[in-house]
Structures are given as structure tokens and as C-alpha cells.
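Trainee: dropping the sequence and predicted coords here.
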Amino acid sequence: MMPCPSADAIAQAAVDPDAAPPEVLEHIAVCARCRQLLDRVESPVNWNWLNDTEPKHEPKTRFLDRLKAAVRYTVGEPTERDEVGPKVPGHTVEAEIARGGMGVVYRAKDTALGRVVAIKALRQEFAANTAQLARFVGEAKALAALQHPNVVQLFHVGESGGQPYIVMEYVPGGTLRHAMKGDPWEPAVAARFIRTLADATAAVHKIGVIHRDLKPGNVLMASDDQLTPDGKSTTRPKIADFGLARFLNAVDHQTRTGDVFGTPEFMAPEQARGDHRKVGPETDVWALGVILYELLTGRVPFTGETAHDTLELVKDGTPASPELLRPGVRRELAAICMKCLEKPPQRRYRAAADLRDDLDQFLAGRTVSALPRSWAGRVAAAVRRNPLTAIGWLLIVVALLGTLGWGAWERHAASVALAEAAAQYEQMSQRHEHTTRELYATRIDLVTRALAAGNTTGAKSLLTACLPVAGDPDQRGWEWYYLSNRLLGPARIDLRLSDADRHGFDDVKLHPNTETLSADGRRRVVIDATGQLVLYDQDRRVLLHLPAAPGRAVGVKFSKDGRWLAARTAEDAVVVYDGGVPP
């Protein structure tokens with residue numbers, strides 16, 4: 001037998017076997033080492049069947065035919081049957097729209113219902129392969145068990161001339177991979193998007209199915225044919241391609257320990273190691289974390305020069321946190337992403353529903369579970385937040401410890417002293433809170449007087465003194481933000497609010513609304529895509545554009561009497577307008 005050819009020769013044989021020397025192909029057919037090298041050729045084809053074949057039990061010609069068929073798929077050369085498409089009763093195949101790991105997807109017309117559908121047919125060269133056929137049937141079973149607005153819906157399963165097919169929902173918006181365009185998304189948009197995918201994945205897990213190949217190329221973008229206030233159409237994702245999916249309680253006879261299936265950049269460590277016993281809901285959580293990472297940073301967390309290098313990084317590498325690669329990403333969202341990418345499955349979110357719930361917490365501005373604290377860390381944080389309370393509890397603990405070992409009389413005396421100390425502490429706390437409120441009110445009054453006297457420096461100093469200190473609640477109300485805006489806001493904003501007319505502003509309560517309607521229904525204010533305020537009349541005619549300086553507006557509200565209009569900006573400033581601007 002000839003010596004083993006070089007790696008370049010093996011790669012060339014994989015790309016163009018017809019042009020390869022016959023002796024190289026014959027050597028690959030009988031050499032296990034060279035077939036393992038061939039398996040590393042970067043391709044979506046699963047080459048593990050080459051290692052399953054015993055050369056002495058299979059003629060060389062049959063092996064070469066199988067090799068050429070797989071390579072034809074790798075380079076995208078369709079067979080004659082694939083070009084025509086399956087003959088599905090009641091459907092007219094219009095065009096091929098995609099090629100996947102083992103099938104071809106066509107756009108077709110349902111002649112009876114007049115709707116456009118997608119038909120996925122198993123590739124002709126795989127139709128006789130028991131393992132590939134079982135995976136195709138598994139995909140049909142997984143889709144048939146699902147009813148979710150963010151999962152592609154199955155309509156029909158059948159067979160045409162020995163070629164199995166699936167008739168499913170047609171999604172015309174392309175894939176997430178196409179929509180990403182290599183650019184990072186706004187963090188909040190990315191969080192909401194992954195929240196939707198996590199909810200759909202949770203529904204998949206609920207029926208006992210693991211997708212095992214979540215990636216941007218398997219997420220279709222369906223248009224809702226709606227318009228946002230900035231005039232852009234909205235889309236919603238739909239999870240597709242359940243070719244590698246399996247049921248949790250089913251025995252997978254096609255996947256052996258050591259087999260590697262999926263896309264390297266989106267595979268979890270347990271998949272990269274071929275440890276399929278550990279594949280579960282946490283595996284899909286990992287993939288969702290990779291997608292979130294790419295949406296936030298514009299790159300995947302692990303990528304090597306070859307597929308093998310990427311798998312090694314997935315197994316042993318440590319990615320940089322998204323907040324380090326993109327400073328605009330908040331620590332809470334970065335923590336959620338990194339929790340998805342924990343190497344041990346048990347340290348990730350145990351279910352996609354848990355990921356969805358934590359993203360809901362983040363989007364609502366609440367604490368997320370992805371930021372765990374040690375016992376000591378939680379105690380230290382509590383002390384920083386409420387030092388007086390912490391001192392009180394410390395006194396209680398010390399007093400309790402001091403009572404140990406004493407007799408009944410000593411314990412009784414200590415209890416009385418403890419009660420007195422607690423009462424004194426409560427009185428001190430109440431006096432402190434009262435003093436803080438009085439001091440704040442005095443400072444606000446002095447700010448007003450300073451402004452009236454033209455002393456802006458003194459007014460600014462007093463406003464700064466109103467900022468909360470550690471352990472004290474934030475006393476600031478609308479009056480602080482209003483006065484701060486008068487001092488710091490751009491001159492181009494006409495507040496139209498005199499100190500003598502402040503009585504009507506008590507009715508204004510800000511919420512994160514993108515639009516508000518006056519009490520009489522005659523005026524509506526909407527925040528446009530640039531963060532500016534647009535005033536409409538009751539017939540939706542634009543009356544006036546109002547600037548929302550400083551920065552973009554994030555919330556707007558009319559007072560109950562319609563006299564005032566208040567807007568909150570992204571910098572947490574409050575801008576006040578006369579709500580009676582002329583229509």
C-alpha cells in the first residue's frame with residue numbers, strides 16, 4: 001500500500017474526488033488514519049459514516065460512490081432528482097430555496113388552499129441511509145408535536161418515489177444570519193429577541209424535545225406586516241430545522257458516544273466532546289447564549305482556524321465578557337450571557353424558561369439571578385445599603401451572644417435591656433428619617449430662592465447636596481429634576497413653567513410610555529425614533545415637534561388636567577412643557 005498522502009492531498013480529494021489520483025482515493029478507502037483526516041475537512045456533512053465502514057466488508061467502488069455523493073453535497077452540487085424536487089400531490093414545486101445538512105428545501109404552492117408552503121425533502125443520496133432517514137423522521141415528529149408562534153409549523157409528511165418529504169410553513173423573511181449582517185445589535189433589542197427565542201425553546205423542551213442545533217442559520221425571520229412608530233416593519237423569529245433534534249426520553253440509536261454533530265461555533269462543550277449522555281435542555285441554553293453573545297458583540301465567543309480548533313476552544317477556552325468587548329452592554333445582561341456559556345451544564349440555566357425569566361427581570365430593570373453573591377457579599381451589600389439597620393442587628397446579635405451562659409435572672413435582665421435598645425434604635429431611625437426629609441425640603445426651598453436671586457452657583461451646590469448618600473433613601477421628587485433641568489438644560493428648550501404655577505405638576509406621574517393622550521382626547525404626544533416628541537391632533541395630524549433635551553426621551557405623560565406635559569430622558573432628567581401648546 002502506498003504511503004499516506006499529505007493533508008493537502010486528502011483535502012483536495014474531498015473537494016474534487018474526480019480530479020484526485022485513483023491511488024489516493026483507493027488509499028483513503030482502506031486507511032483509517034486518512035479517513036479520520038478526511039473527517040476534519042470543514043464541511044456541514046457528517047463524515048462519521050466513513051469511520052463506521054469496515055473496508056474489508058465494503059467494495060472500494062461502493063465506498064468511492066458514497067464519498068463522491070457526500071462531496072457533491074459539500075460543494076452544493078445537486079443530483080438530477082434534487083433539481084426537479086419531490087412530486088407532492090396537491091402541490092407545485094416552484095423553486096429551490098435552501099440546502100441543509102441532509103435535505104433540500106423548496107418553495108411550493110398548495111393548489112387546493114392557494115397558500116405558499118415550504119417542502120423539505122431528504123437528499124436522494126441519503127434516502128437509503130437508515131441513520132439519516134431516522135433523523136429526518138425525528139424532525140417530522142418533533143415539528144408535529146409543537147404548536148408555538150415562534151416555531152415553524154408542520155402541515156404534512158409523506159413520501160414520493162422513495163424520497164421522504166415534509167410540508168411545512170413557508171417563512172419568506174430569510175434567516176437571522178442574514179439579518180445580523182455582522183453588526184452588533186442594541187443590547188435591549190438583543191435581549192428582547194433572545195427572550196422570544198428562549199420562550200420558544202422552552203415550549204420545545206416542555207414536550208421533551210432538544211433541538212441540538214440552534215444557530216442563526218436555523219432561525220427564520222417572519223414578517224408581521226406591521227409598522228413601528230419609526231416606519232420600520234417588524235419581524236418575529238421562528239425556530240426551524242429540527243434535523244438533529246431528539247426526544248429526551250428516547251433512545252438515540254443513531255448517535256454513539258464520540259460522534260460529533262452540529263455547527264462547531266454553536267456547539268456546547270458536551271457536544272464537542274461527543275458526550276451525548278449530558279446533552280439536555282442546558283445544551284440549547286448554551287446555543288442561545290452564543291447567539292446572544294454574537295448579537296451583543298458582532299462575533300461568536302469561540303472561533304478557530306479550523307473546525308477542530310474551534311471545538312477545542314469550545315471545550316477548554318474562556319471567552320471575554322461582552323461588556324469588555326462592547327462597553328455599552330450592561331453588567332446584568334453580560335452576566336446572563338456568560339451564565340449560558342458556563343462549561344458544566346449544571347452551572348448554566350437549567351431550562352430555557354429560566355433564561356427567559358431572567359431576561360424578563362433584566363428588561364424590567366430588576367435584579368437578575370445571573371449575578372449570584374456569596375453569603376459574605378450579600379451581608380456586605382446589606383450593610384452598605386442600610387448601615388443603621390446593620391448596626392442595630394449587630395447590637396442584637398452581640399446582646400444575644402452575651403446572654404449565653406448566664407442564669408435566668410441575667411437572661412431576663414438582658415432581654416429587658418435588649419428591648420430598650422431596640423426601642424431606642426427605632427426612635428433614632430425615625431428621627432434620622434424625619435431630619436433627612438426636613439433637610440431636603442429646606443435645601444429645595446433654598447434652591448428656589450437662589451434661582452430667584454440669580455445665584456446659579458449656589459443653586460447647583462444645593463441641588464448636589466440633595467443627592468442620596470449610602471444608607472439613606474432617595475428623597476428627590478419631580479421638583480429636584482425640574483430645578484436641575486432649569487439649571488443644566490439647554491437654552492433651546494422653553495419650559496413655559498413659572499415658579500408660581502408649579503401647583504399643577506403634582507398630577508404628573510412619569511412612566512416608560514412611548515406616547516400619551518391628553519384627558520380630553522384632543523392631543524397625543526409620541527416619542528419618535530430619534531427620541532424627540534411629536535404632537536398630533538385627534539386626526540393624527542402633526543402639529544408640532546418638541547425637542548427632548550438633554551438626550552433622547554424615554555417616557556412622556558400629560559398631567560390629569562392636561563395643563564402640563566412632562567418627558568423623562570435617557571439621562572434621567574425631566575423636561576416640562578406647557579401642555580396647552582397651541583394646536
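Mentor: Perfect, I can see it now.

Trainee: so what does the top helix by length along the chain touch, helix or strand wise?
Mentor: The helix that spans the most residues within the chain, counting by DSSP state H, is helix 408-452. Under the contact criterion of 3 or more C-beta pairs under 8 Å, 6 or more residues apart in numbering; DSSP states H and E, helix 408-452 touches helix 387-403, helix 456-465, helix 478-488. Yep, even glycine has a C-beta here, placed from its N, CA and C like the rest.

Trainee: closest one to Pro22 among those?
Mentor: Minimum separation from Pro22 across the helices and strands packed on helix 408-452 (C-beta to C-beta) falls at helix 478-488, 80.9 Å.

Trainee: mind saving the C-alpha coords of the closest one as CSV?
Mentor: Extracted in CSV, the C-alpha atoms of helix 478-488 (Å, rounded to 0.1, in the frame of the first residue of the first chain):
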residue,chain,number,x,y,z
TRP,A,478,-40.1,65.9,40.4
GLU,A,479,-39.2,69.3,41.9
TRP,A,480,-35.5,68.3,42.1
TYR,A,481,-35.4,67.2,38.4
TYR,A,482,-37.3,70.3,37.4
LEU,A,483,-34.9,72.6,39.1
SER,A,484,-31.9,70.6,37.9
ASN,A,485,-33.3,70.9,34.3
ARG,A,486,-33.7,74.7,34.7
LEU,A,487,-30.0,74.9,35.7
LEU,A,488,-28.5,72.4,33.4
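
Trainee: from the contact counts, what lies against the very next helix or strand once past that helix?
Mentor: Counting by DSSP states H and E, the next helix or strand C-terminal to helix 478-488 is strand 515-517. The helices and strands touching strand 515-517, judged by 3+ C-beta pairs under 8 Å, 6+ apart, are strand 523-527, strand 553-558.

Trainee: immediately after the shortest one, which helix or strand?
Mentor: Spelled out, that is strand 523-527. Remark: after strand 523-527, the chain's next helix or strand is strand 533-537, criterion DSSP H and E.

Trainee: report the inter-axis angle for that following strand versus strand 523-527.
Mentor: 150 degrees (axes from the mean of the first three to the mean of the last three C-alpha atoms, to 10 degrees).

Trainee: ok, residues contacting whatever helix or strand comes next after strand 533-537?
Mentor: Remark: after strand 533-537, the chain's next helix or strand is strand 542-546, criterion DSSP H and E. Strand 542-546 is contacted from outside by Arg523, Val525, Gln532, Leu533, Val534, Leu535, Tyr536, Asp537, Ala567, Tyr577, Val581, Pro583, using C-beta atoms under 8 Å, 6 or more residues apart in numbering.

Trainee: what subset of those residues is buried?
Mentor: Arg523, Val525, Gln532, Leu533, Val534, Leu535, Tyr536, Ala567, Tyr577 (16 or more other C-beta atoms under 10 Å).

Trainee: of the residues you listed, closest to Phe193?
Mentor: Nearest to Phe193 among the buried ones among the contacts of strand 542-546 is Gln532, at 25.5 Å by C-beta to C-beta.

Trainee: related to what we said a few turns ago, relative to helix 478-488, how tilted is the longest helix of the chain?
Mentor: Relative orientation of helix 408-452 versus helix 478-488 (the same axes, to 10 degrees): 40 degrees.

Trainee: now do helix 408-452, average pLDDT.
Mentor: On average, the pLDDT along helix 408-452 is 77.

Trainee: now it and helix 387-403, what's the angle there?
Mentor: 170 degrees.

Trainee: how close does Arg443 get to Gly458?
Mentor: 11 Å (C-beta to C-beta, to the nearest Å).

Trainee: of the two, which one has the most company?
Mentor: A direct count of neighbours by other C-beta atoms under 10 Å for Arg443 and Gly458 places Arg443 higher, at 18 against 15.

Trainee: give the contact list for that one.
Mentor: Leu462, Leu463, Ala465, Cys466.

Trainee: do you know how far Asp275 is from Pro269?
Mentor: Using C-beta to C-beta, we find Asp275 at a distance of 8 Å from Pro269.

Trainee: between the two, who's got more neighbours?
Mentor: More neighbours surround Pro269 than the other of Asp275 and Pro269, with 21 against 14 (other C-beta under 10 Å).

Trainee: pLDDT at that one, what is it?
Mentor: pLDDT recorded at Pro269 is 94.

Trainee: and what of Ala245?
Mentor: For Ala245, pLDDT reads 68.

Trainee: next one: Glu139
Mentor: Listed pLDDT for Glu139 reads 65.

Trainee: Arg330 now?
Mentor: Reading off the model, Arg330 has pLDDT 94.

Trainee: ok, now the one 4 residues further on?
Mentor: As predicted, Ala334 sits at a pLDDT of 96.

Trainee: measure it to Trp564 for me?
Mentor: Taking C-beta to C-beta, one finds Ala334 at 39 Å from Trp564.

Trainee: so Tyr165 is in which element?
Mentor: Element membership for Tyr165, per DSSP H and E: strand 163-169.

Trainee: mind showing which ranges of the stretch 101-250 of the chain have poor pLDDT?
Mentor: 101, 125-132, 135, 138-139, 142, 224-234, 245-250 (pLDDT under 70).

Trainee: please work out how many residues are found near Val189.
Mentor: 10.

Trainee: what's the spacing between it and Thr196?
Mentor: Val189 is 11 Å from Thr196, where distance means C-beta to C-beta.

Trainee: any residues in contact with both of the two?
Mentor: With C-beta under 8 Å, 6+ apart applied, the contact sets of Val189 and Thr196 do not overlap.

Trainee: Ala179 is in contact with Met221, isn't it?
Mentor: Yes. Here Ala179 reaches Met221: they are 5.4 Å apart, a contact under C-beta atoms under 8 Å.

Trainee: how about the CA coordinates for the strand holding Tyr165, as CSV?
Mentor: Below are the C-alpha coordinates for strand 163-169, written out as CSV (Å, rounded to 0.1, in the frame of the first residue of the first chain):
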residue,chain,number,x,y,z
GLN,A,163,-38.0,10.2,-1.1
PRO,A,164,-39.4,11.3,2.2
TYR,A,165,-40.6,14.9,2.5
ILE,A,166,-42.1,17.4,5.0
VAL,A,167,-44.6,20.1,4.0
MET,A,168,-44.3,23.0,6.4
GLU,A,169,-44.9,26.7,6.9
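
Trainee: just checking, Lys244 touches Val209?
Mentor: Careful, residue 244 is Leu and not Lys. No. When contacts are counted by C-beta under 8 Å, Leu244 is not listed as touching Val209 (10.9 Å).

Trainee: buried set for the helix or strand containing His27?
Mentor: His27 belongs to helix 22-30 when elements are defined using DSSP H and E. Of all the residues in helix 22-30, those buried under the rule 16+ other C-beta under 10 Å are Val24, Leu25, His27, Ile28, Ala29.

Trainee: mind listing the helices for the stretch 101-250 of the chain?
Mentor: 130-144, 176-180, 187-206 (DSSP state H, counting those that start in this stretch).

Trainee: need the winner for burial among those helices.
Mentor: Per-stretch averages of neighbours, counted by mean count of other C-beta atoms under 10 Å, single out helix 187-206 among those, with a mean of 20.
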